[in-house]
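Enquirer: Provide a 3D model corresponding to the input given below.
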Amino acid sequence: MIYFPETYSLDRQTELISQYNLKPWPSEENYRGFISRNELAQTKGTILVFHGNAGSARGRLYFVEALEQLGYRVILAEYPGYGARTGQPSESVFIEDSLQTALLAQQSFDGSFFLWGESLGTGVVSGIVKTRKVKANGIILMMPFDSLSSIAQHHYWFFLGKWLIRDKFDSIKNLKNYSGNVAVILAEKDKIIPAKNTLKLYDSITGKKQLWKIAESDHNSLPVHPSSSWWGEIMRFVDNK
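Expert: Predicted structure coming up:
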């Protein structure tokens with residue numbers, strides 16, 4: 001009940017992304033995500049995005065549209081078992097594979113490097129941070145949770161959900177002692193990840209942090225249009241060296 005992937009063949013993937021001006025990265029045969037076909041003459045850095053539990057990376061074009069115009073290179077990471085990638089989704093698989101994606105991205109591009117997580121992707125980002133193998137200048141957590149077991153307990157308290165769930169994604173534990181800049185985005189009317197769980201995580205962060213509360217938005221209605229002012233506000237904060 002955690003993972004809801006959109007899956008398709010490599011041939012179908014080529015058809016799907018052709019209209020989005022995206023290309024597989026780092027290669028079509030061994031892709032780990034997508035990157036824009038636009039060649040930026042200069043960039044402020046690279047942002048590696050890990051999406052939520054449903055759909056696939058190709059449905060997150062709004063990150064590229066918003067962040068590329070701010071001067072950042074954007075990679076939309078894909079998980080094993082999603083899109084055209086093989087594998088079985090799980091916490092351990094996601095974090096190990098995403099760590100390798102992050103290391104490859106950092107090795108491939110010079111300059112500042114940022115990790116951006118969306119919903120379940122915030123748990124993936126926190127898992128990467130815990131390894132201390134990736135030197136991220138900052139992280140952005142969009143609709144994050146304290147732990148997935150806490151969210152399970154909230155929704156399935158009558159089944160004692162926190163004891164039934166295997167994949168914990170304990171972001172409070174994983175982000176302990178992280179010293180980089182942390183931006184947190186909260187959807188004030190989120191019924192999937194309640195505000196109390198996001199705020200519990202935010203309060204646990206001891207480094208430099210800032211919270212954005214998006215009013216009148218729920219989990220699936222954040223104003224992600226490229227013209228929304230919060231994109232620029234967040235990147236100015238996390239990119240403040």
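Enquirer: Is the residue nearest to residue 181 when sequence neighbours are not counted bridged to anything, and to what?
Expert: Nearest residue to residue 181, sequence neighbours excluded (CB to CB, 6 or more residues apart in numbering): residue 138, at 3.7 Å. All C-beta atoms are positioned from the backbone trio N, CA, C, and that covers glycine. Beta-bridge partners of residue 138, counted by DSSP bridges, are residue 114, residue 181.
Enquirer: ok, residue 138 to residue 207 distance?
Expert: Per CB to CB, to the nearest Å, residue 138 is found 10 Å from residue 207.
Enquirer: same check, this time on residue 32
Expert: For residue 32, the distance to residue 207 - CB to CB - is 28 Å.
Enquirer: For those two, indicate the residue with more neighbours.
Expert: Remark: of residue 32 and residue 207, residue 32 carries more neighbours, 24 against 12, as counted by other CB atoms under 10 Å.
Enquirer: Could you pull up the contacting residues of that one?
Expert: Applying CB atoms under 8 Å, 6 or more residues apart in numbering to residue 32 gives the contacts 25, 26, 77, 78, 85, 97, 100, 101, 104.
Enquirer: Now a PyMOL select for only the buried ones of those.
Expert: Typed into PyMOL, the line below selects the buried ones among those, using 16 or more other CB atoms under 10 Å:
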select buried, resi 25+77+78+85+97+101+104
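Enquirer: of the contacts of residue 32, closest to residue 188?
Expert: residue 77 (27.3 Å; CB to CB).
Enquirer: Tell me the bridge partners for the closest one.
Expert: residue 33, residue 50.
Enquirer: Specify the next element, helix or strand, located C-terminal of the worst-scoring helix or strand of the chain on mean pLDDT.
Expert: Here the helix or strand of the chain ranked lowest by mean pLDDT, DSSP states H and E is helix 161-164, holding a mean of 52. Once the chain leaves helix 161-164, the next helix or strand it forms, by DSSP states H and E, is helix 171-174.
Enquirer: and that following helix, what other elements does it pack with?
Expert: For helix 171-174, the packing partners by 3 or more CB pairs under 8 Å, 6 or more residues apart in numbering; DSSP states H and E come out as helix 120-131, helix 195-204.
Enquirer: Packing partners of the top helix by length along the chain?
Expert: The longest helix of the chain (DSSP state H) is helix 91-108. For helix 91-108, the elements it packs on are strand 45-50, strand 72-77, strand 112-118, helix 120-131, judged by 3+ CB pairs under 8 Å, 6+ apart.
Enquirer: quick one: contacts of that helix?
Expert: Contacts for helix 91-108 (CB under 8 Å, 6+ apart): 26, 32-33, 46, 48, 50, 75, 77, 79-81, 87, 113, 115, 123-124, 127-128, 131, 133-136, 166-169.
Enquirer: just the CA coordinates of it, formatted as PDB?
Expert: Provided in PDB are the C-alpha atoms of helix 91-108 (Å, rounded to 0.1, in the frame of the first residue of the first chain):
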ATOM      1  CA  GLU A  91      13.200   1.300   1.400                       C
ATOM      2  CA  SER A  92      16.500  -0.400   1.200                       C
ATOM      3  CA  VAL A  93      16.400  -0.800  -2.600                       C
ATOM      4  CA  PHE A  94      15.400   2.900  -3.100                       C
ATOM      5  CA  ILE A  95      18.000   4.300  -0.800                       C
ATOM      6  CA  GLU A  96      20.900   2.200  -2.100                       C
ATOM      7  CA  ASP A  97      20.000   2.800  -5.700                       C
ATOM      8  CA  SER A  98      19.300   6.600  -5.100                       C
ATOM      9  CA  LEU A  99      22.600   6.900  -3.400                       C
ATOM     10  CA  GLN A 100      24.400   5.600  -6.500                       C
ATOM     11  CA  THR A 101      22.400   8.000  -8.600                       C
ATOM     12  CA  ALA A 102      23.400  10.900  -6.400                       C
ATOM     13  CA  LEU A 103      27.000   9.900  -6.400                       C
ATOM     14  CA  LEU A 104      27.000   9.600 -10.200                       C
ATOM     15  CA  ALA A 105      25.300  13.000 -10.600                       C
ATOM     16  CA  GLN A 106      27.800  14.700  -8.300                       C
ATOM     17  CA  GLN A 107      30.700  13.100 -10.200                       C
ATOM     18  CA  SER A 108      29.200  14.100 -13.500                       C
END
